[in-house]
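Undergrad: Provided below for reference: sequence and predicted model.
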Amino acid sequence: MAIKILSDDLINQISAGEVVERPANIVKELIENSIDSEATKIEVFLRNGGLQSIIVNDNGNGISESELPTAILRYATSKLTNSNLNEINNFGFRGEALPAIASISKMKIISKIQNQNYASLLELENGKIISQKPSNRDKGTSVSVYSIFEKTPARLKFLKSNRIETSHCKDIFLKIAISHPHIEFKLNIDGKNIYNFHYEGVDYLINSERISAAFGDDFINNSLEISSSKNEYGIYGRISYPTLNSSTSFNQFLYVNKRSVKDKKILGAIKAAYSETIPKGRFPMLVLFLEIPTSSVDVNVHPSKTEIRFENERMVSGIIVSTIRSKISELTRPISKNIEKNLTLSEEGQVKLMEENTNTNIKNYNKTDTIFNGGHINFQPSVKTKAVKIVPEIIDYPMGAARAQFLKNYIISETKDGIIVIDQHAAHERIVKEEMLLQRKNNKIESQILLIPEVIKLSSAHLDVVLDNFETIKSIGFEIEIFGDDSVLIRAVPDLLNGANIQELIKDVAQELFETGAQNSIDQKIDTIISTSSCYGSVRSGRDLSIEEMNALLRKMETTPNSSQCNHGRPTSIKLSINDIEKLFKRR
Ligand code: ADP
Ligand code: MG
């Protein structure tokens with residue numbers, strides 16, 4: 001399509017503004033141009049957080065030799081055809097990105113259209129054309145951007161570390177890749193291939209390597225699919241269980257008609273939808289695709305186009321709230337999920353289950369003890385039971401009355417309507433974590449001074465992250481000092497972690513911080529540190545508990561937020577209702 005300069009009239013309609021604040025904005029604009037050119041393969045190469053170079057290759061329709069110099073002029077676009085902005089189907093339409101990027105960098109564009117025998121290379125420096133010459137490549141376009149902001153040091157100053165800039169670029173790459181499953185995407189950072197996403201169809205993605213890459217596998221296992229539409233409005237995606245939440249809205253990927261947005265109204269609707277199920281200040285994780293008739297959305301609010309205006313805001317919020325709420329309300333028995341699966345086993349599966357049961361039973365017979373069913377078969381229970389007097393009222397509590405512990409890690413409790421099996425380590429870990437978070441929130445952190453301070457020798461990478469996060473680590477109750485070149489000294493630990501293996505704890509915290517990366521906010525880091533530490537402060541599997549201790553744990557679970565899932569998103573308890581049990585025994 002021909003590239004034309006927009007009329008003055010139209011220029012004035014377009015909200016003015018800069019598109020380029022940081023490398024990630026460039027990555028976004030270039031990828032979006034590739035998508036608009038109908039590419040089916042897009043490759044992104046970054047060096048030094050994009051500051052050294054950003055290269056985006058595509059196999060799209062390309063730009064002809066004669067139009068290449070026009071493409072980098074302000075307000076030159078091939079995408080806005082009629083002179084109104086009411087129906088926007090492309091990503092671009094302002095004709096602002098290429099000139100804005102060119103003005104703060106050295107840029108090379110090589111492009112080839114289908115019916116031109118050769119490619120054309122255009123070289124620019126700070127917005128000025130240096131040369132244009134014939135070149136070589138297949139159909140498509142490569143845009144290379146170097147030396148960003150070199151001539152505008154003021155902007156350079158505002159950039160964060162290369163690591164942070166890289167993570168912003170990665171974030172925008174993932175957001176775009178998730179909403180374009182029909183396009184193959186590659187990302188290479190500092191010479192390393194980070195992602196290589198294959199074609200994944202044309203539907204909205206609710207489960208894919210792209211989503212796992214962005215959110216982790218835990219998300220897939222602890223989330224629900226949503227899909228609903230009404231009139232011309234649709235909502236699709238994947239939403240986390242309320243128990244899988246995070247301290248920021250960073251893990252909320254929102255899209256309107258495939259355009260990634262960060263819209264306050266949508267964020268507000270999500271918050272409202274989860275309001276009764278999620279602790280204050282926490283955010284669910286989700287990928288949400290909204291489908292709204294293009295004529296009812298205005299994306300021309302902000303140059304980065306991440307803010308939008310809806311013609312019918314109430315309707316949009318209403319759909320979000322009602323769809324999410326009704327989905328979450330189905331979660332009244334989240335812990336029974338696995339059991340339901342067993343109950344609907346295929347015949348083959350049932351046979352297998354029976355065989356497994358028989359085998360375990362045989363293993364458990366021991367030939368000298370009890371008379372069983374008339375024969376001399378001795379039954380050695382795998383369950384470690386202790387004589388307990390059941391106090392009748394305890395059974396009325398939601399988590400019931402502890403009856404036994406087995407495998408030194410599972411507590412069995414009896415409730416009014418069934419039994420619950422509790423993973424003592426997982427449950428206690430959550431309790432310790434929530435307590436530490438609460439103490440921190442109330443500014444009442446209790447520390448315990450160690451009798452003998454611990455010297456902990458760390459690898460240089462670990463020492464680096466620990467030093468980077470020194471104040472954060474202190475803020476949750478550790479007294480920590482640098483000790484020599486390669487060690488830290490711990491003088492005090494949070495009260496709740498007293499008795500823990502401090503050596504392993506600090507190394508584990510360092511490793512977690514190292515893996516989760518510098519891009520995390522302070523809150524996320526605190527979450528990481530507390531989650532990791534609480535594992536060390538909790539009762540280990542393998543410890544015998546008295547019935548009193550078990551009951552104390554159950555009572556604590558009843559009052560602890562999020563106690564049905566451990567810090568890693570696994571369930572802490574599984575309930576078998578009488579109903580379930582009777583079904584298993586074919587009494588129903
Ligand atoms: P916009 O995307 O708003 O039109 P840009 O400044 O981003 O403005 O791009 C200007 C024009 O250059 C586009 O309208 C398009 O015609 C052309 N263009 C830019 N990048 C590509 C690409 N990767 N493939 C094909 N054409 C491109
Ligand atoms: Mg563009």
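TA: Sure, I can see it. Ligands and ions are numbered 1, 2, ... in the order given.
Undergrad: low-confidence regions, the stretch 1-150 of the chain specifically.
TA: 1, 4-19, 80-93 (pLDDT under 70).
Undergrad: and with 90 instead?
TA: Within the stretch 1-150 of the chain, the set of residues satisfying pLDDT under 90 comprises 1-22, 72-97, 99-104, 126-128, 149-150.
Undergrad: can you show me the helices along it?
TA: Assigned by DSSP state H, counting those that start in this stretch, the stretch 1-150 of the chain shows helices spanning 8-13, 23-36, 68-71, 97-102.
Undergrad: which residues sit against the shortest one?
TA: Contacting residues not belonging to helix 68-71 are listed as I3, I5, I63, A76, L98, I109, S111, S120, L122, I129, Q132 [Cβ atoms under 8 Å, 6 or more residues apart in numbering]. In short, each C-beta sits where N, CA and C put it, glycine included.
Undergrad: and that helix, anywhere near ligand 1?
TA: Yes. Residues of helix 68-71 contacting ligand 1 under Cβ under 6 Å from any ligand atom: A71.
Undergrad: what do you get for the longest one?
TA: Yes. If you take Cβ under 6 Å from any ligand atom as the test, helix 23-36 does meet ligand 1, through E29, N33, S34, D36.
Undergrad: among the contacts of helix 68-71, which lie within strands?
TA: Among the contacts of helix 68-71, the subset assigned to strands under DSSP state E consists of I5, A76, I109, S111, S120, L122, I129, Q132.
Undergrad: is it true that the fourth one touches S144?
TA: It refers to S111. No. Distance between S111 and S144: 11.7 Å, which falls outside the contact criterion (Cβ atoms under 8 Å).
Undergrad: so between these two, which is more surrounded?
TA: Neighbour count, other Cβ atoms under 10 Å: between S111 and S144, S111 has more, with 27 against 18.
Undergrad: sorry, back to before: between the residues of helix 23-36 next to ligand 1, which is nearest ligand 2?
TA: N33 (4.3 Å; Cβ to the ion).
Undergrad: nearest to ligand 1 among the contacts of helix 68-71?
TA: The shortest gap between ligand 1 and any of the contacts of helix 68-71 belongs to L98, at 3.4 Å (Cβ to the nearest ligand atom).
Undergrad: nearest residue to the closest one in space, please, no chain neighbours.
TA: Closest residue in space to L98, ignoring its immediate chain neighbours: I72 at 4.8 Å, by Cβ to Cβ, 6 or more residues apart in numbering.
Undergrad: for the one you found, give me its contacts.
TA: Taking Cβ under 8 Å, 6+ apart, we find I72 in contact with L98, P99, A102, M107, I109, L122, L124, G127, I129.
Undergrad: can you do 10 Å?
TA: 63, 95, 97-103, 107, 109, 122, 124, 127-129 (Cβ atoms under 10 Å, 6 or more residues apart in numbering).
Undergrad: among the residues you listed, which are in reach of ligand 2?
TA: When contact is defined as Cβ under 5 Å from the ion, these meet ligand 2 at A97.
Undergrad: and the residue of the stretch 101-250 of the chain found nearest ligand 2, how close does it get to Y75?
TA: Using Cβ to the ion, the single residue of the stretch 101-250 of the chain nearest to ligand 2 is I101, 9.5 Å away. Per Cβ to Cβ, to the nearest Å, I101 is found 15 Å from Y75.
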